[in-house]
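> Give me the fold of what follows.
(chains A, B, C and D)
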Protein chains: 2
Amino acid sequence: MQTTQQLDHQTCFALYSAARAATAAYREALAEIGLTYTQYVTLLALWEQDGRTVSELGTTLRLDSGTLSPLLKRMAANGLVERRREGKDGRTVTIHLTDAGHDLETQVASIQRRLYDAVDMEPEELATLRDLAQRFCASAAEITHPDTQGAPR
Amino acid sequence: MQTTQQLDHQTCFALYSAARAATAAYREALAEIGLTYTQYVTLLALWEQDGRTVSELGTTLRLDSGTLSPLLKRMAANGLVERRREGKDGRTVTIHLTDAGHDLETQVASIQRRLYDAVDMEPEELATLRDLAQRFCASAAEITHPDTQGAPR
DNA sequence: AGTAATTGGGTTGTGCGCAATTGAATTGCG
DNA sequence: CGCAATTCAATTGCGCACAACCCAATTACT
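Residues are numbered from 1 along each chain as shown, chains lettered A, B, ... in the order given. Presented below is the predicted three-dimensional model:
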(Lines give C-alpha, C1' and ligand atoms only; values in the text may rest on other atoms or scores of the structure.)
Protein backbone atom coordinates (compact mmCIF):
# COMPACT_ATOMS: atom_id res chain seq x y z
CA MET A 1 0.00 0.00 0.00
CA GLN A 2 1.73 3.13 -1.27
CA THR A 3 0.88 6.07 0.87
CA THR A 4 1.81 9.71 0.72
CA GLN A 5 3.72 11.53 3.42
CA GLN A 6 1.77 13.55 5.92
CA LEU A 7 1.35 17.21 5.13
CA ASP A 8 3.23 18.12 8.32
CA HIS A 9 6.27 16.17 7.20
CA GLN A 10 6.56 17.84 3.83
CA THR A 11 9.43 20.30 3.52
CA CYS A 12 7.83 21.78 0.41
CA PHE A 13 4.55 22.50 2.16
CA ALA A 14 6.43 24.10 5.06
CA LEU A 15 8.21 26.39 2.58
CA TYR A 16 4.97 27.14 0.77
CA SER A 17 3.23 28.11 4.04
CA ALA A 18 6.20 30.02 5.41
CA ALA A 19 6.59 32.08 2.24
CA ARG A 20 2.95 33.14 2.39
CA ALA A 21 3.28 33.92 6.08
CA ALA A 22 6.32 36.07 5.27
CA THR A 23 4.57 38.08 2.57
CA ALA A 24 1.52 38.38 4.82
CA ALA A 25 3.69 39.78 7.61
CA TYR A 26 4.98 42.47 5.25
CA ARG A 27 1.63 43.16 3.59
CA GLU A 28 0.09 45.74 5.89
CA ALA A 29 3.22 47.83 6.42
CA LEU A 30 4.05 47.77 2.70
CA ALA A 31 0.49 48.67 1.72
CA GLU A 32 0.81 51.84 3.79
CA ILE A 33 3.55 53.02 1.44
CA GLY A 34 1.75 51.67 -1.64
CA LEU A 35 3.83 48.55 -2.26
CA THR A 36 3.16 44.86 -2.72
CA TYR A 37 5.73 42.29 -1.62
CA THR A 38 6.94 41.66 -5.17
CA GLN A 39 7.29 45.37 -5.82
CA TYR A 40 9.27 45.61 -2.57
CA VAL A 41 11.80 42.96 -3.58
CA THR A 42 12.08 44.59 -6.98
CA LEU A 43 13.03 47.82 -5.24
CA LEU A 44 15.58 45.95 -3.09
CA ALA A 45 17.21 44.73 -6.28
CA LEU A 46 17.23 48.21 -7.79
CA TRP A 47 18.61 49.87 -4.66
CA GLU A 48 21.51 47.45 -4.87
CA GLN A 49 22.04 48.22 -8.53
CA ASP A 50 19.99 50.71 -10.51
CA GLY A 51 19.47 50.66 -14.24
CA ARG A 52 19.15 46.91 -14.67
CA THR A 53 17.39 45.42 -17.63
CA VAL A 54 14.15 43.49 -17.26
CA SER A 55 15.90 40.19 -17.83
CA GLU A 56 18.59 40.97 -15.26
CA LEU A 57 15.88 41.68 -12.73
CA GLY A 58 14.23 38.45 -13.73
CA THR A 59 17.40 36.49 -13.05
CA THR A 60 17.96 38.13 -9.68
CA LEU A 61 14.36 37.76 -8.52
CA ARG A 62 13.73 34.49 -10.35
CA LEU A 63 10.69 35.95 -12.08
CA ASP A 64 9.91 35.96 -15.78
CA SER A 65 8.80 38.73 -18.11
CA GLY A 66 5.15 37.73 -17.80
CA THR A 67 5.34 38.74 -14.15
CA LEU A 68 7.79 41.62 -14.41
CA SER A 69 6.39 43.50 -17.39
CA PRO A 70 3.03 44.40 -15.87
CA LEU A 71 4.63 44.80 -12.44
CA LEU A 72 7.14 47.35 -13.72
CA LYS A 73 4.42 49.09 -15.66
CA ARG A 74 2.40 49.51 -12.46
CA MET A 75 5.47 50.74 -10.60
CA ALA A 76 6.15 53.23 -13.39
CA ALA A 77 2.53 54.39 -13.23
CA ASN A 78 3.02 54.94 -9.49
CA GLY A 79 6.11 57.04 -10.18
CA LEU A 80 8.65 54.69 -8.57
CA VAL A 81 10.64 53.76 -11.66
CA GLU A 82 11.21 54.81 -15.24
CA ARG A 83 11.53 52.46 -18.17
CA ARG A 84 14.01 53.45 -20.86
CA ARG A 85 15.05 51.97 -24.16
CA GLU A 86 18.47 53.47 -24.39
CA GLY A 87 21.26 50.97 -25.02
CA LYS A 88 22.70 50.06 -28.36
CA ASP A 89 20.40 47.03 -28.21
CA GLY A 90 16.95 48.30 -29.09
CA ARG A 91 15.24 45.35 -27.43
CA THR A 92 16.39 45.87 -23.86
CA VAL A 93 14.51 48.07 -21.45
CA THR A 94 16.45 49.44 -18.49
CA ILE A 95 14.67 50.24 -15.24
CA HIS A 96 15.71 53.34 -13.33
CA LEU A 97 14.63 54.49 -9.89
CA THR A 98 12.96 57.88 -9.68
CA ASP A 99 13.53 60.19 -6.74
CA ALA A 100 10.34 58.83 -5.21
CA GLY A 101 11.67 55.32 -5.65
CA HIS A 102 14.93 56.23 -3.92
CA ASP A 103 13.14 57.98 -1.09
CA LEU A 104 11.27 54.86 -0.04
CA GLU A 105 14.44 53.14 1.09
CA THR A 106 14.50 54.73 4.53
CA GLN A 107 10.92 53.76 5.30
CA VAL A 108 11.46 50.26 3.98
CA ALA A 109 14.60 49.83 6.10
CA SER A 110 12.54 50.63 9.17
CA ILE A 111 9.84 48.13 8.18
CA GLN A 112 12.51 45.45 7.72
CA ARG A 113 13.98 46.06 11.15
CA ARG A 114 10.59 46.12 12.81
CA LEU A 115 9.57 42.76 11.34
CA TYR A 116 12.92 41.15 11.96
CA ASP A 117 12.60 42.11 15.62
CA ALA A 118 9.03 40.88 15.84
CA VAL A 119 9.84 37.35 14.71
CA ASP A 120 10.39 35.11 17.71
CA MET A 121 13.53 33.38 16.42
CA GLU A 122 17.22 33.87 17.08
CA PRO A 123 19.36 35.58 14.44
CA GLU A 124 21.41 32.42 13.96
CA GLU A 125 18.24 30.40 13.41
CA LEU A 126 17.04 32.85 10.79
CA ALA A 127 20.45 32.71 9.12
CA THR A 128 20.34 28.90 9.08
CA LEU A 129 16.82 28.97 7.67
CA ARG A 130 17.93 31.41 4.98
CA ASP A 131 20.98 29.36 4.00
CA LEU A 132 19.07 26.09 3.84
CA ALA A 133 16.27 27.74 1.84
CA GLN A 134 18.83 29.14 -0.60
CA ARG A 135 20.40 25.73 -1.03
CA PHE A 136 16.99 24.14 -1.49
CA CYS A 137 16.16 26.76 -4.10
CA ALA A 138 19.35 26.11 -6.02
CA SER A 139 18.92 22.37 -5.82
CA ALA A 140 15.27 22.45 -6.89
CA ALA A 141 16.12 24.79 -9.77
CA GLU A 142 18.71 22.27 -10.87
CA ILE A 143 15.95 19.66 -11.12
CA THR A 144 13.62 21.92 -13.06
CA HIS A 145 16.16 23.29 -15.55
CA PRO A 146 19.27 21.08 -15.47
CA ASP A 147 22.21 23.41 -15.94
CA THR A 148 23.77 22.73 -19.29
CA GLN A 149 27.09 24.12 -18.12
CA GLY A 150 29.57 22.03 -16.20
CA ALA A 151 28.65 18.75 -17.84
CA PRO A 152 31.15 18.23 -20.62
CA ARG A 153 31.56 14.91 -22.33
CA MET B 1 22.13 56.81 6.15
CA GLN B 2 19.44 54.17 6.57
CA THR B 3 19.93 51.41 4.12
CA THR B 4 18.07 48.21 3.41
CA GLN B 5 19.53 44.75 3.76
CA GLN B 6 20.83 43.05 0.65
CA LEU B 7 18.41 40.76 -1.10
CA ASP B 8 20.74 37.81 -0.50
CA HIS B 9 20.61 38.34 3.24
CA GLN B 10 16.83 38.36 3.49
CA THR B 11 15.33 35.24 5.02
CA CYS B 12 11.92 36.18 3.64
CA PHE B 13 13.19 36.44 0.09
CA ALA B 14 14.94 33.08 0.44
CA LEU B 15 11.64 31.54 1.55
CA TYR B 16 9.75 33.26 -1.26
CA SER B 17 12.20 31.94 -3.87
CA ALA B 18 12.45 28.48 -2.36
CA ALA B 19 8.68 28.06 -2.24
CA ARG B 20 8.39 28.89 -5.92
CA ALA B 21 11.28 26.56 -6.72
CA ALA B 22 9.47 23.82 -4.79
CA THR B 23 6.18 24.24 -6.63
CA ALA B 24 8.08 24.49 -9.92
CA ALA B 25 9.83 21.20 -9.18
CA TYR B 26 6.43 19.53 -8.70
CA ARG B 27 4.72 21.28 -11.60
CA GLU B 28 5.56 19.05 -14.53
CA ALA B 29 4.95 15.75 -12.78
CA LEU B 30 1.69 16.98 -11.26
CA ALA B 31 0.50 18.41 -14.57
CA GLU B 32 0.78 14.94 -16.08
CA ILE B 33 -1.90 13.73 -13.69
CA GLY B 34 -3.93 16.92 -14.05
CA LEU B 35 -3.06 18.60 -10.74
CA THR B 36 -1.69 21.95 -9.66
CA TYR B 37 0.43 22.26 -6.53
CA THR B 38 -2.42 23.68 -4.46
CA GLN B 39 -4.76 20.92 -5.60
CA TYR B 40 -2.05 18.44 -4.65
CA VAL B 41 -1.74 19.69 -1.07
CA THR B 42 -5.51 19.74 -0.80
CA LEU B 43 -5.54 16.06 -1.73
CA LEU B 44 -2.80 15.38 0.86
CA ALA B 45 -5.06 16.89 3.50
CA LEU B 46 -8.04 14.84 2.33
CA TRP B 47 -6.10 11.58 2.17
CA GLU B 48 -5.19 12.14 5.79
CA GLN B 49 -8.78 12.84 6.70
CA ASP B 50 -11.66 12.74 4.26
CA GLY B 51 -14.92 14.59 4.63
CA ARG B 52 -13.52 17.80 6.07
CA THR B 53 -15.39 21.04 5.80
CA VAL B 54 -14.12 23.91 3.70
CA SER B 55 -13.08 25.86 6.77
CA GLU B 56 -11.22 22.88 8.26
CA LEU B 57 -9.28 22.57 5.02
CA GLY B 58 -8.59 26.27 5.17
CA THR B 59 -7.12 25.97 8.65
CA THR B 60 -4.94 23.02 7.69
CA LEU B 61 -3.69 24.54 4.45
CA ARG B 62 -3.74 28.14 5.68
CA LEU B 63 -5.92 29.20 2.78
CA ASP B 64 -9.15 31.16 2.89
CA SER B 65 -12.50 30.61 1.23
CA GLY B 66 -11.66 32.97 -1.61
CA THR B 67 -8.94 30.53 -2.66
CA LEU B 68 -10.58 27.27 -1.69
CA SER B 69 -14.06 27.78 -3.09
CA PRO B 70 -13.07 28.05 -6.74
CA LEU B 71 -10.27 25.50 -6.24
CA LEU B 72 -12.66 22.89 -4.88
CA LYS B 73 -15.14 23.69 -7.61
CA ARG B 74 -12.47 22.94 -10.23
CA MET B 75 -11.49 19.74 -8.44
CA ALA B 76 -15.15 18.69 -8.33
CA ALA B 77 -15.48 19.48 -12.04
CA ASN B 78 -12.46 17.20 -12.63
CA GLY B 79 -14.12 14.41 -10.68
CA LEU B 80 -11.65 14.31 -7.78
CA VAL B 81 -13.97 15.39 -4.98
CA GLU B 82 -17.64 15.82 -4.17
CA ARG B 83 -19.12 18.71 -2.25
CA ARG B 84 -22.01 17.89 0.07
CA ARG B 85 -24.23 19.91 2.32
CA GLU B 86 -25.21 17.22 4.74
CA GLY B 87 -24.57 18.10 8.39
CA LYS B 88 -27.10 19.45 10.81
CA ASP B 89 -25.53 22.84 10.12
CA GLY B 90 -26.89 23.91 6.75
CA ARG B 91 -24.00 26.30 6.16
CA THR B 92 -21.14 23.81 6.13
CA VAL B 93 -20.00 22.03 2.98
CA THR B 94 -18.06 18.79 3.44
CA ILE B 95 -15.54 17.67 0.84
CA HIS B 96 -15.34 13.97 0.01
CA LEU B 97 -12.83 12.15 -2.19
CA THR B 98 -14.22 10.27 -5.15
CA ASP B 99 -12.74 6.95 -6.27
CA ALA B 100 -10.68 8.90 -8.81
CA GLY B 101 -9.42 11.15 -6.01
CA HIS B 102 -8.41 8.14 -3.92
CA ASP B 103 -6.71 6.45 -6.85
CA LEU B 104 -4.24 9.29 -7.38
CA GLU B 105 -2.51 8.61 -4.08
CA THR B 106 -0.24 5.89 -5.44
CA GLN B 107 0.99 8.01 -8.33
CA VAL B 108 1.49 11.02 -6.08
CA ALA B 109 3.47 8.94 -3.57
CA SER B 110 5.85 8.00 -6.36
CA ILE B 111 6.23 11.61 -7.45
CA GLN B 112 7.02 12.61 -3.87
CA ARG B 113 9.72 9.97 -3.54
CA ARG B 114 11.24 10.83 -6.89
CA LEU B 115 11.55 14.53 -6.06
CA TYR B 116 12.79 13.91 -2.55
CA ASP B 117 15.58 11.77 -3.99
CA ALA B 118 16.44 14.32 -6.66
CA VAL B 119 17.10 17.13 -4.20
CA ASP B 120 20.78 17.33 -3.38
CA MET B 121 20.39 17.71 0.38
CA GLU B 122 20.66 15.31 3.29
CA PRO B 123 17.47 14.10 4.99
CA GLU B 124 18.52 15.78 8.24
CA GLU B 125 19.04 19.06 6.43
CA LEU B 126 15.60 18.87 4.85
CA ALA B 127 14.13 18.08 8.26
CA THR B 128 15.89 21.08 9.80
CA LEU B 129 14.70 23.29 6.97
CA ARG B 130 11.14 22.03 7.45
CA ASP B 131 11.18 22.58 11.21
CA LEU B 132 12.63 26.09 10.96
CA ALA B 133 10.16 26.99 8.20
CA GLN B 134 7.29 25.74 10.36
CA ARG B 135 8.49 27.80 13.29
CA PHE B 136 8.91 30.84 11.07
CA CYS B 137 5.40 30.33 9.75
CA ALA B 138 3.94 30.13 13.23
CA SER B 139 5.89 33.16 14.40
CA ALA B 140 4.98 35.26 11.37
CA ALA B 141 1.33 34.27 11.72
CA GLU B 142 1.50 35.47 15.30
CA ILE B 143 2.57 38.90 14.03
CA THR B 144 -0.16 39.09 11.42
CA HIS B 145 -3.05 37.90 13.59
CA PRO B 146 -1.98 38.14 17.23
CA ASP B 147 -3.58 35.21 19.01
CA THR B 148 -6.14 36.52 21.41
CA GLN B 149 -5.77 33.46 23.62
CA GLY B 150 -3.06 33.22 26.21
CA ALA B 151 -2.96 36.92 27.03
CA PRO B 152 -5.18 37.39 30.06
CA ARG B 153 -5.37 40.59 32.02
C1' DA C 1 -40.38 34.19 20.22
C1' DG C 2 -37.52 37.99 18.34
C1' DT C 3 -33.59 40.55 17.24
C1' DA C 4 -28.55 41.04 17.16
C1' DA C 5 -24.16 39.05 16.47
C1' DT C 6 -21.54 35.41 14.64
C1' DT C 7 -20.20 31.86 11.47
C1' DG C 8 -19.60 29.32 6.91
C1' DG C 9 -19.17 29.61 2.34
C1' DG C 10 -19.27 32.18 -1.98
C1' DT C 11 -18.24 36.23 -5.17
C1' DT C 12 -15.59 40.07 -6.91
C1' DG C 13 -11.52 42.61 -7.89
C1' DT C 14 -6.50 43.10 -7.89
C1' DG C 15 -1.97 41.36 -8.25
C1' DC C 16 1.07 37.98 -8.84
C1' DG C 17 3.46 33.61 -11.24
C1' DC C 18 4.16 31.03 -15.20
C1' DA C 19 3.52 28.62 -19.84
C1' DA C 20 2.99 29.75 -24.41
C1' DT C 21 3.01 32.89 -28.07
C1' DT C 22 4.22 37.08 -30.60
C1' DG C 23 7.06 40.53 -32.66
C1' DA C 24 10.91 43.31 -33.06
C1' DA C 25 15.95 43.61 -32.84
C1' DT C 26 20.29 41.36 -33.06
C1' DT C 27 23.66 37.89 -34.06
C1' DG C 28 25.68 34.07 -36.67
C1' DC C 29 27.02 32.09 -40.72
C1' DG C 30 27.89 31.32 -45.45
C1' DC D 1 25.15 41.10 -48.13
C1' DG D 2 21.07 37.73 -47.04
C1' DC D 3 18.75 34.67 -44.29
C1' DA D 4 18.10 31.63 -40.28
C1' DA D 5 18.51 31.31 -35.43
C1' DT D 6 18.55 33.62 -31.22
C1' DT D 7 17.36 37.02 -27.77
C1' DC D 8 14.51 40.48 -25.28
C1' DA D 9 10.36 42.20 -23.90
C1' DA D 10 5.48 42.19 -24.11
C1' DT D 11 1.04 39.89 -24.31
C1' DT D 12 -2.46 36.33 -23.35
C1' DG D 13 -4.64 32.97 -20.60
C1' DC D 14 -5.18 30.36 -16.42
C1' DG D 15 -4.81 29.40 -11.56
C1' DC D 16 -3.84 30.77 -7.36
C1' DA D 17 -3.88 34.17 -2.95
C1' DC D 18 -6.10 37.50 -0.46
C1' DA D 19 -8.95 41.64 0.91
C1' DA D 20 -13.44 43.10 0.95
C1' DC D 21 -17.76 42.22 0.46
C1' DC D 22 -22.39 39.47 0.39
C1' DC D 23 -25.91 36.26 1.97
C1' DA D 24 -27.93 32.51 4.41
C1' DA D 25 -27.89 29.67 8.51
C1' DT D 26 -27.01 29.46 13.28
C1' DT D 27 -26.33 31.01 17.91
C1' DA D 28 -26.75 34.29 21.78
C1' DC D 29 -29.34 37.22 24.37
C1' DT D 30 -33.34 39.23 26.02
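> what's the offset of the helix or strand residue A:132 falls within from the middle of its chain?
Assigned by DSSP states H and E, residue A:132 falls within helix A:123-144. Relative to its chain's centre, helix A:123-144 lies at 14 Å (Cα atoms, centre = their mean, to the nearest Å).
> quick check: mean pLDDT across it?
Mean pLDDT, helix A:123-144: 96.
> so where's chain A uncertain?
Counting by pLDDT under 70, the low-confidence segments of chain A come to A:1-2, A:147-153.
> near DNA strand D, which residues of chain A show up?
Contact residues, chain A versus DNA strand D (Cβ under 7 Å from any atom of the strand): A:16, A:20, A:23-24, A:27, A:53-55, A:58, A:65-66, A:68-70, A:72-73, A:83, A:89, A:91-94. Using the backbone N, CA and C atoms, a C-beta is placed for each residue, glycine as well.
> on that earlier part again, which of the residues in the helix holding residue A:132 are buried?
A:125-126, A:128-130, A:132-137, A:139-141, A:143 (16 or more other Cβ atoms under 10 Å in any protein chain shown).
> again, but for stretch A:86-106
A:93, A:94, A:95, A:97, A:101, A:104, A:105.
> For the third one, give me phi and psi.
Spelled out, that is residue A:95. In terms of degrees, to the nearest 10, the main-chain angles of residue A:95 are phi -110, psi 130.
> and it, what are its bridge partners?
Note on residue A:95: beta-bridge partners by DSSP bridges are residue A:52, residue A:83.
> And it, how close does it get to residue A:67?
Distance, residue A:95 to residue A:67, by Cβ to Cβ, to the nearest Å: 14 Å.
> how about the nearest residue to residue A:107, chain neighbours excluded?
Leaving aside its sequence neighbours, residue A:107 sits nearest to residue A:33 (Cβ to Cβ, 6 or more residues apart in numbering or on different chains; 5.6 Å).
> who touches stretch A:80-100?
Outside stretch A:80-100, the residues that touch it by Cβ atoms under 8 Å, 6 or more residues apart in numbering or on different chains are A:39, A:43, A:46-47, A:50-55, A:57, A:72-73, A:75-76, A:79, A:101, A:104.
> for it, the distance to its chain's centre please.
With Cα atoms, centre = their mean, you get 19 Å for stretch A:80-100.
> Span of it from start to end?
One end of stretch A:80-100 sits 6 Å from the other (Cα to Cα, to the nearest Å).
> Would you mind listing what in chain A touches DNA strand C?
Residues of chain A lying near DNA strand C (Cβ under 7 Å from any atom of the strand): A:23, A:36-39, A:62-67, A:70-71, A:74, A:88-91.
> Among those, the buried ones, what's the ChimeraX command?
Remark: buried members of these, expressed as a ChimeraX selection using 16+ other Cβ under 10 Å:
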select /A:23,36,37,38,39,62,63,71
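> Take the residues of chain A next to DNA strand C and keep only those in strands.
Among the residues of chain A next to DNA strand C, none falls in strands (DSSP state E).
> now the helices: where do they sit in chain A?
Ranges of helices in chain A, per DSSP state H, are A:11-32, A:37-48, A:54-61, A:65-77, A:99-118, A:123-144.
> from chain A, which residue is nearest to DNA strand D?
residue A:55 (2.7 Å; Cβ to the nearest atom of the strand).
> Quick check, that residue in contact with residue A:65.
Yes: using Cβ atoms under 8 Å, residue A:55 is in contact with residue A:65, at 7.4 Å.
> how about the nearest residue to residue A:34, chain neighbours excluded?
In space, residue A:34 is closest to residue A:78, 6.2 Å off (Cβ to Cβ, 6+ apart).
> Share the number of residues neighbouring the one you found, please.
By other Cβ atoms under 10 Å in any protein chain shown, the residues close to residue A:78 number 14.
> Quick check on it: phi, psi?
Dihedral angles for residue A:78 - degrees, to the nearest 10 - are phi -90, psi 0.
> how far away is it from residue A:117?
28 Å.
> same check, this time on residue A:134
Taking Cβ to Cβ, one finds residue A:134 at 22 Å from residue A:117.
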